[in-house]
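S.K.: A structural model of the following input is requested.
(one chain, ligands or ions: 2)
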Amino acid sequence: MADEPLVLGIETSCDETGVGVVRGTTLLADAIASSVDEHARFGGVVPEVASRAHLEAMVPTIDRALREAGVSARDLDGIAVTAGPGLAGALLVGVSAAKAYAYALGKPLYGVNHLASHICVDQLEHGALPEPTMALLVSGGHSSLLLSTDITSDVRPMGSTIDDAAGEAFDKIARVLDLGFPGGPVIDRYAREGDPEAIAFPRGLTGPRDAVYDFSFSGLKTAVARWIEAKRAAGEEVPVRDVAASFQEAVVDVLTRKAVRACKDEGVDHLMIGGGVAANSRLRALAQERCEAAGIRLRVPRPKLCTDNGAMVAALGAEMVARGRAASDWDLSADSSLPVTDPHVPGTSQAHGHGHDHVHETAKENLYS
Ligand code: KG4
Ligand code: ZN
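M.R.: Ligands and ions are numbered 1, 2, ... in the order given. Take a look at the predicted model:
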């Protein structure tokens, strides 16, 4: 529908410069420029390198997204940007760009939370997000269980990892097995030909006294590494497929068990799974099986929408506009540890429901004073 809000979203929290264009819950463009190759020789994301790459990629990626969407910047109803959490310098590039475009075009600016965007993106695939929805976000950077009762204003953290992120565990085990980087997809592939019950690896934080919704993968990682070392020390061949399958099973067993438990405890009958690890075939299958058994509806966006992208930011921005949420102030800043309880960073001058014109007037005063 043409009267649904048309929003451009900018995501620069890590190493992908993502720019998406969304109309309501319809995806129009999802342009990505990744600096992953530039970090490869350092064995991890280098913040300064990421910031510089965002700066170089920003304008061309915005142009590409608008072109792909077939819309003009003048037609936008708002510009949304990830305000946090993420790498401070990387976020700053996105926030500065979003401000510059919004100000120059006379459009409202919406600073949004990265994790809430990961949840909201599912609207682009499966339509309006039911409220409440439980969300399991698993990637190389995060592993959290979140309860969303209003994706624009009320997201409650239920639990998170106390050590490694789920994706990090996949990457580390793949390194121990000499399978390369990133580890998730290759472990997923090997695991398909292995026996998930071959080796009983530990399930982190599942004891009676453990935090019910928190995760821990560091003990599992150590157990797998020791098991492999012992095999090698004994001069035996490491059964890579069985190790991959058994390790993967330990991760997805805990993830799905805790997610379903949280849904049951909170009386929530919708679960969404997002983040790069949501691409895992066994996680998808086991989540489906356990959700069906518990009467929970499962929503998992396609892999391209699960990893960091600009469309997810645009999706949340469009929801902000649709629900008449206040725009952000022009002094919006990047916050590397922005809490998810604030899916959106509104402007203080907007708190009493003034229109967008007001924010522009305020901003102009700020800029010229
Ligand atoms: O969301 P993402 O692209 O980037 C961030 O970490 O923010 O997630 C990347 C992570 C990596 O750790 C990668 O190994 C993992 O997602 N991953 C997978 C699979 N595909 C990607 N993990 C398990 N199974 C997969 N099929
Ligand atoms: Zn992310």
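S.K.: name the element residue 160 belongs to?
M.R.: Using DSSP states H and E, residue 160 sits in strand 154-160.
S.K.: ugh, typo on my part, it should be residue 124
M.R.: Counting by DSSP H and E, residue 124 is found in helix 123-126.
S.K.: coming back round to it: please see if the following helix or strand past the strand holding residue 160 touches ligand 1.
M.R.: Of the helices and strands lying after strand 154-160 in sequence (DSSP H and E), the nearest is helix 166-176. Yes: using C-beta under 6 Å from any ligand atom, helix 166-176 comes into contact with ligand 1 via 167, 170-171. Where C-beta positions appear, they are placed from N, C-alpha and C, glycine not excepted.
S.K.: which one of those residues sits closest to ligand 1?
M.R.: Proximity of those to ligand 1 (C-beta to the nearest ligand atom) peaks at residue 167, which lies at 2.5 Å.
S.K.: these two touch, right, the closest one and residue 139?
M.R.: Yes: between residue 167 and residue 139 there is a contact under C-beta atoms under 8 Å: 5.0 Å.
S.K.: residues of stretch 26-45 that come out buried?
M.R.: Buried residues in stretch 26-45, defined by neighbour count with 16 or more other C-beta atoms under 10 Å: 27-35, 39, 45.
S.K.: now stretch 190-203
M.R.: Those would be 190-191, 194, 196, 199, 201, 203, for stretch 190-203 by 16+ other C-beta under 10 Å.
S.K.: Send me that stretch as CSV with only the CA atoms.
M.R.: Extracted C-alpha coordinates of stretch 190-203, given in CSV (Å, rounded to 0.1, in the frame of the first residue of the first chain):
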residue,chain,number,x,y,z
TYR,A,190,29.9,-32.0,8.3
ALA,A,191,27.3,-32.6,11.0
ARG,A,192,24.7,-33.8,8.5
GLU,A,193,26.9,-36.9,7.9
GLY,A,194,27.7,-37.5,11.6
ASP,A,195,26.0,-39.0,14.6
PRO,A,196,24.8,-36.4,17.1
GLU,A,197,24.8,-39.0,19.8
ALA,A,198,28.3,-40.3,19.2
ILE,A,199,29.8,-38.2,21.9
ALA,A,200,28.0,-36.9,25.0
PHE,A,201,29.3,-33.3,25.2
PRO,A,202,28.1,-31.1,28.2
ARG,A,203,25.0,-28.9,28.1
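S.K.: Give me the contact list for the helix or strand hosting residue 285.
M.R.: Taking DSSP H and E as the definition, residue 285 sits inside helix 281-294. With contacts defined as C-beta atoms under 8 Å, 6 or more residues apart in numbering, helix 281-294 is touched by 136, 138, 188, 191-192, 196, 248-249, 251-253, 255-257, 259-260, 263-264, 271, 273, 277-278, 296-298, 300.
S.K.: The helix or strand encompassing residue 38 and ligand 1, are they touching?
M.R.: For residue 38, the element it lies in under DSSP H and E is helix 36-40. No: judged by C-beta under 6 Å from any ligand atom, helix 36-40 stays clear of ligand 1, getting no closer than 9.1 Å.
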